Each structure stands twice: as structure tokens, then as C-alpha cells.
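K.L.:
how does the following fold in three dimensions:
(chains A and B)
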Number of protein chains: 2
Amino acid sequence: MKLATYKDGSRDGQLVVVSRDLSMAHYATGIATRLQQVLDDWNFLSPQLQDLYQALNQGKARHAFAFDPALCMAPLPRAYQWADGSAYLNHVELVRKARGAEVPESVYTEPLMYQGGSDDFLGPCDDIVVASEDFGIDFEAEIAVITGDVPMGASPDEALEGIRLVMLANDVSLRHLIPAELAKGFSFFQSKPATAFSPVAVTPDELGTAWQGGRVHLALQSTWNGKKVGLCDAGPEMQFHFGQLISHVCKTRNVRAGTVVGSGTVSNKDGSHGYSCIAEKRAIETLEHGAPKTEFMRHGDTIRIEMKGLDGQSMCGAIEQKVAPFR
Amino acid sequence: MKLATYKDGSRDGQLVVVSRDLSMAHYATGIATRLQQVLDDWNFLSPQLQDLYQALNQGKARHAFAFDPALCMAPLPRAYQWADGSAYLNHVELVRKARGAEVPESVYTEPLMYQGGSDDFLGPCDDIVVASEDFGIDFEAEIAVITGDVPMGASPDEALEGIRLVMLANDVSLRHLIPAELAKGFSFFQSKPATAFSPVAVTPDELGTAWQGGRVHLALQSTWNGKKVGLCDAGPEMQFHFGQLISHVCKTRNVRAGTVVGSGTVSNKDGSHGYSCIAEKRAIETLEHGAPKTEFMRHGDTIRIEMKGLDGQSMCGAIEQKVAPFR
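P.N.:
Down below sits the predicted model:
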């Protein structure tokens, strides 16, 4: 099934069920008002939502209305955890090489993850508000999953069973703030402003055979200022699948329902697929010509991130954001 | 006023108001059931809780009962953000020197903070479950605040106004997992298991004149296996006050209600105050004798963390935990 959260002026919004083709929606009223509620009590509530989803797809839902992604918050407008991986090693290698940083040996054998802020996620069409273009504004097109409860010590296979929903993310990065922040040894903070998510989150069964081995075998499309810059295959080059990422997170503690886990920027070794973040393009330019040519984003720039399913239809709807100045 | 969350089998527990002397409690039923609810709507709900708090202190609350910290969850059993600082530079200097790591110049002029997991906080008397003693189990006695909404770009003074509650934290650390994790450049993950909090969270006015300039001018007491090991002054040596820490967090994004911000391990240059984490004791031993003598915690060890107010009474109740094996 497909779920979204409509803006209603509240912090958590209103849960809606969205039809498979993303044309229609229906409030989940009577079942649950917020997505976190469903994640807290998945086994009881999700079958009821599934019934509504079927009725909606069959045109039998009583109060269906046209679905509008512009009215969406992030599926989870705020979450109790946002653990973002960096599972596409081509991205890690490119970005680190270009800034002259070492690629630690361990990244090939163990997931690289950082903890992000999750108190204020952006909706798919919300502005990316950045005070200064000098921060080096970049998008990062990713896949993210939302988990149920996964107990401490769960294996990658067990952790896979804990995945409830799949969606897309734009993990906005302020590139020029990163080197100084990482040099302090405590990872990103100011260099990672609010993350945006696709309008719709879908259960893994919606991906059909494209959901395999904890990876999404589909292409992630990034369009910057109307120009297609990336069509990256999210499948084979994901070094650590989502079960491995979640298992990494819960090695020494429990992972609780509503945790969001990201794949990291989707990236392919074959450069003909383009890029899912500008830093990679600049890294390639730096390695080839000694300096980057492509500039980072400016106020007014737009970014569109979308993924088509095996049927050619949009899986989770599109993230469509504009970069805006602060105040 | 003083607030706590009672275990009731649910994920968020039941909000209770606790008397100033921590002897009595009263369910906040009819006002709010969960603390997050109060933080989401502070101006409307907190005066009602304040009225109940006054009635409770005057012995006029109708259904008061004896307060039992052992029945408490963390005041916020799960939070949308846990941003932990390292504001006592003596701690930073000692710990980094002892592991041969550099102390970056920036730590003297800019807060050092990391993002922690906030989906599964521990109650004050919950076991610290760690699979292996080889992980180097350590406590870290800290002060933490819970914020309301603080908008992007807020100054340290503005951010101070956003502080709603003060409490204590035990930011458990797995010391032997830290060097390899930090070497990867993305900060702590597995080396920081679930954090525990004091039974009670208090509004800053409860601290009286001890709450000054965004710092708590009181001594934080740590008792390890029944032996007092630390009585550290939390005031003057906090290089960056809580307003500065919060302002650091909201430089490039909004901070939303229910964010927990930590001070980092409370630490004094004058060694006679003892220590708020074992790593410091070992660091001093290493610097003095070339090697540490004090071992980290073992299964069965206990840790007690408490702070007395200016009136000599316990401010937030005590964190009293035991280290336990996994399964």
C-alpha cells in the first residue's frame, strides 16, 4: 500500500492512503490519524489501511479525492531516529578523493553511517531554506526506509523483516561546511540541514521483484533546474543492503518503530548514469581537470527526484524543491 | 515545576507531576497524558500543570500518591532529537590526549556536538544492557535540557528562552568501540548505546539562582559501585552554555519542541572534584603513569548520578542503574 501525510497545520499532519497510480487519496480517519501511530501498532492497524487501499484502487472508497503531492508533509513529518548510511561506495570514494580525505579500509567491510536530525523533516515540495549560497548547497538523492521495532543484536536478515515502508529522500548537504565539521571528529551537524522526503511511502511489496535482497533495483532520477542529471541504478552497487544498515544501527541498542534509515547518495561507477549529487560531478571534474567546473545550487534553483517502478509509473511521487533564501 | 513519566506499558508512558521534595506525584490526566504533548503546546498546557504542581506541594491535590523513581521512564521516553555537546573542555582535552588524538583548535571557540539516537531512551533505573564487557563500558554524567521550538538562526540568548526543562543524563559510552568509529569520520554510532535520564525533569525556575547564564551552578555527584567518585561543579567550566549549544544546532535548521540537548560530561580542571566518567580517570592515570589502572565497568556494576539543589534536596531524583549482560 501507499501512504502519505497531508498538511493540516499540526506537527504530525493527517495520514492518507494513496492509490497505486497516485491519482487518488483517502483520509485514514477511523483507523489512524498519524503515521507514527500506525508504526507503533503495525500489526493491528496496517491490515485496516490495506483494506482501505484496496477499496481506493478499485474506485470503491467513499470519500476519495484527487491526490496532490504539494499538500504533503514528509510521510513522517518528524521521527525518533534518522540514521543515514553511505552504502554506495562509488560516492564515498569520489567525494573523499576530491577533498583529499582518506577512504578508510573499513568502509568496504562495514557500513558507514551518521546520525541525522529528525525533528523537522521537509515535505516533498517545501523550500530548501539556506541562509547563504556560500555554504555550498547540494542535493543528495537517496532511498530511505522506515522500520518497525528491531531488537538489539538483530542479524541483517532479521532486520530486513523490520522494514515497513520505502520512500525517497533529499539529504540536502552544505558542502563548504563539511570539511571543518568533520575535522572536529564528531561528524555532520550544521552541514546537514533539514532532509526532505517523497510525498508517498510504500510497503516493500509495491516494488514487486524490484525489491530484492534488501535493495531497490530501480533507477533514481535527479533533475536539476529542469535538466536530467542522474538516472542511477539503486540496486547492485549498494554495498550494504538495508538489512545490513539496520543491523549496524542495532548492534548495541534497540531500534524502535519509526526509525528512518537512508541508503546514502545513490551512485554508479559507470559515469554515464550521471549523478545524484553535485559533489560527485565536481569530484570527477577535479580528478580529471584539477578543479571543479560545476557550481553548487543557487537560490531559485530547483531539484526533482523521482523513481519509476517496473510498470513505468512513479513509485513514491516526486520530491520537487526550490532553494530559497532565509527570511 | 517538576514532571516525570510513569511506566504504563505504552511507548510514551503517563505524565505525572511530582512535588518539589519528590515525595508525592499526581497523574496529569485531564491536562495531558504525554510529555511531548505538553512540549508541543507549552503555553496552553504548562500553566495548567503548574496549578496542579502548586496544589500538590500544598497537599491539596486530590489523588496524590507516593512518588517512586523506579517506576519512571525517561521524562521523554523517546525524542525527536538528541544533540549532545561536549562543553566541558577539560573532558575533551583529557580524553583526546589520552587516546593520542589531537584537540582541534576550534573546540575553544565553537561547540563540539554530536547527534545521538533518541528513539529508545532508558528510564533512571533501567539496566544498562551491554553484550560484552570488552566494549569498555563507561558512564558519563551530564546535564541535559529539553527545548521548545527554536527557529533557525536563533542567537544564544534567544535560544536560552527556548529551554523548557532541565534533567540529568547518563550518556553511556562504549570506549573501546570509539577509536575505530571516529576514525571513519562519521562520529559515534555503536559506541553510544541508549542514554538514560533522571526520573524528573524540572523547569529552570526550580533551580533558583543556581540557573545562571544558561549554566547550572550546582555539583553533579557520581557514585560508582557505592563509592563517590565525582562531585563536579557543573557551572563555571561549561565553556559553552546551553543557549550557545542550542544556537549551534539551529544555525542551519529549525529546532523543534522536544529536542534534548546535552552538556557533555561534567568535568573540572581541579582533580579533587573527582570524575563524571571513567575515561577521565584513566586518562589522568595514563598521562601520569603511562597506562590506565582503573578498569571500565563490569556486568553487575552500579552507577548513581544525582544533583542537589541549593536547598540540599535532590533536584531531579537519581539515575541508579546496573550494568547487565545481553539476554
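K.L.:
and the helices in chain A?
P.N.:
A:35-40, A:42-57, A:89-98, A:156-160, A:178-183, A:242-249, A:278-289 (DSSP state H).
K.L.:
winner for burial among the ones you listed?
P.N.:
Highest mean neighbour count of the helices of chain A: helix A:242-249, a mean of 25 (counted as mean count of other CB atoms under 10 Å in any protein chain shown). Quick note: C-beta positions are derived from backbone N, CA and C, even for glycine.
K.L.:
in PDB, list the C-alpha atoms belonging to that helix.
P.N.:
What follows is helix A:242-249, C-alpha atoms only, in PDB (Å, rounded to 0.1, in the frame of the first residue of the first chain):
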ATOM      1  CA  PHE A 242      19.100  -2.100   4.200                       C
ATOM      2  CA  GLY A 243      19.100  -5.100   6.500                       C
ATOM      3  CA  GLN A 244      22.800  -4.700   7.000                       C
ATOM      4  CA  LEU A 245      22.400  -1.000   7.600                       C
ATOM      5  CA  ILE A 246      19.700  -1.500  10.200                       C
ATOM      6  CA  SER A 247      21.700  -4.400  11.800                       C
ATOM      7  CA  HIS A 248      24.600  -2.000  12.100                       C
ATOM      8  CA  VAL A 249      22.400   0.500  13.900                       C
END
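K.L.:
distance from that helix to the middle of the chain?
P.N.:
15 Å (CA atoms, centre = their mean, to the nearest Å).
K.L.:
who touches that helix?
P.N.:
A:81, A:83, A:85, A:87, A:110-111, A:113, A:145, A:147, A:150, A:154-160, A:162-163, A:214-215, A:240, A:255, A:259, A:261, A:263, B:117, B:189-190 (CB atoms under 8 Å, 6 or more residues apart in numbering or on different chains).
K.L.:
hmm, try it at 7 Å
P.N.:
Contacting residues not belonging to helix A:242-249 are listed as A:83, A:85, A:87, A:111, A:113, A:145, A:147, A:150, A:154-157, A:159-160, A:162-163, A:214, A:255, A:261 [CB atoms under 7 Å, 6 or more residues apart in numbering or on different chains].
K.L.:
among those residues, name the ones in strands.
P.N.:
A:Ala83, A:Gly85, A:Met113, A:Val145, A:Thr147, A:Ile163, A:Val261 (DSSP state E).
K.L.:
was I right to think the last one contacts A:Val145?
P.N.:
Yes. A:Val261 sits in contact with A:Val145 when judged by CB atoms under 7 Å, with a separation of 5.3 Å.
K.L.:
mind pulling up the pLDDT for the nearest residue to A:Leu177 once chain neighbours are set aside?
P.N.:
Closest residue to A:Leu177 apart from its sequence neighbours, by CB to CB, 6 or more residues apart in numbering or on different chains: A:Ser191 at 3.9 Å. On pLDDT, A:Ser191 comes in at 96.
K.L.:
give the contact list for A:Ser191.
P.N.:
A:Ser173, A:Leu174, A:Leu177, A:Ile178, A:Glu181.
K.L.:
partners of the first one in the sheet?
P.N.:
Going by DSSP bridges, A:Ser173 is paired in beta bridges with A:Asp138.
K.L.:
wait, it touches A:Gln190, no?
P.N.:
No. Look at A:Ser173 against A:Gln190 with CB under 7 Å: they stay out of range, at 10.8 Å.
K.L.:
show me which of those two is the more surrounded one.
P.N.:
Neighbour count, other CB atoms under 10 Å in any protein chain shown: between A:Ser173 and A:Gln190, A:Ser173 has more, with 25 against 19.
K.L.:
quick check: the more buried one vs A:Asp205, distance?
P.N.:
Distance from A:Ser173 to A:Asp205, counting by CB to CB, to the nearest Å: 32 Å.
K.L.:
report how many residues lie close to A:Ile137.
P.N.:
Look at A:Ile137: counted by other CB under 10 Å, it has 24 neighbours.
K.L.:
list the contacts of it.
P.N.:
Neighbouring residues of A:Ile137 by CB under 7 Å, 6+ apart: A:Val130, A:Leu174, A:Phe296, A:Met297, A:Val323.
K.L.:
surely the third one touches A:Arg175?
P.N.:
Just to be clear, that refers to A:Phe296. Yes. Between A:Phe296 and A:Arg175 there is a contact at 6.2 Å, judged by CB under 7 Å.
K.L.:
burial count for A:Met167?
P.N.:
When neighbours are defined as other CB under 10 Å, A:Met167 has 29 of them.
K.L.:
JSON lines for the helices of chain A, including mean pLDDT and distance to B:Asp311?
P.N.:
Compiled in JSON lines, these are given as follows (pLDDT from 0 to 100; distance: least, CB to CB, whole Å):
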{"stretch": "helix A:35-40", "mean pLDDT": "98", "distance to B:Asp311": "40"}
{"stretch": "helix A:42-57", "mean pLDDT": "98", "distance to B:Asp311": "47"}
{"stretch": "helix A:89-98", "mean pLDDT": "89", "distance to B:Asp311": "54"}
{"stretch": "helix A:156-160", "mean pLDDT": "98", "distance to B:Asp311": "49"}
{"stretch": "helix A:178-183", "mean pLDDT": "88", "distance to B:Asp311": "42"}
{"stretch": "helix A:242-249", "mean pLDDT": "98", "distance to B:Asp311": "43"}
{"stretch": "helix A:278-289", "mean pLDDT": "94", "distance to B:Asp311": "55"}
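K.L.:
so for B:Val103, which of these sits nearest?
P.N.:
With CB to CB as the measure, helix A:178-183 is the member of those nearest B:Val103 (11.8 Å).
K.L.:
gap between that closest one and the chain center?
P.N.:
For helix A:178-183, the distance to the chain centre is 23 Å (CA atoms, centre = their mean).
K.L.:
alpha carbons only: can I get that helix in PDB?
P.N.:
The C-alpha trace of helix A:178-183 is given here as PDB (Å, rounded to 0.1, in the frame of the first residue of the first chain):
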ATOM      1  CA  ILE A 178      31.600  19.800   5.800                       C
ATOM      2  CA  PRO A 179      35.400  19.800   5.900                       C
ATOM      3  CA  ALA A 180      35.700  21.900   9.100                       C
ATOM      4  CA  GLU A 181      32.900  20.000  10.800                       C
ATOM      5  CA  LEU A 182      34.300  16.600  10.000                       C
ATOM      6  CA  ALA A 183      37.800  17.800  11.100                       C
END
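K.L.:
that one near chain B anywhere?
P.N.:
Yes. Shown here: helix A:178-183 in contact with chain B (CB under 7 Å from any CB of the partner chain) through A:Leu182, A:Ala183.
K.L.:
I would like the residues contacting that helix, please.
P.N.:
With contacts defined as CB under 7 Å, 6+ apart, helix A:178-183 is touched by A:Arg99, A:Phe188, A:Phe189, A:Gln190, A:Ser191, B:Pro104, B:Gly185.
K.L.:
okay, the ones in strands among the contacts of helix A:242-249 in JSON lines with neighbour count, pLDDT and distance to chain B next?
P.N.:
JSON lines is the format used below for these (neighbours: other CB atoms under 10 Å in any protein chain shown; pLDDT from 0 to 100; distance: CB to the nearest CB, whole Å):
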{"residue": "A:Ala83", "neighbour count": "27", "pLDDT": "98", "distance to chain B": "8"}
{"residue": "A:Gly85", "neighbour count": "26", "pLDDT": "96", "distance to chain B": "10"}
{"residue": "A:Met113", "neighbour count": "26", "pLDDT": "95", "distance to chain B": "6"}
{"residue": "A:Val145", "neighbour count": "25", "pLDDT": "98", "distance to chain B": "14"}
{"residue": "A:Thr147", "neighbour count": "27", "pLDDT": "98", "distance to chain B": "10"}
{"residue": "A:Ile163", "neighbour count": "20", "pLDDT": "98", "distance to chain B": "15"}
{"residue": "A:Val261", "neighbour count": "27", "pLDDT": "98", "distance to chain B": "11"}
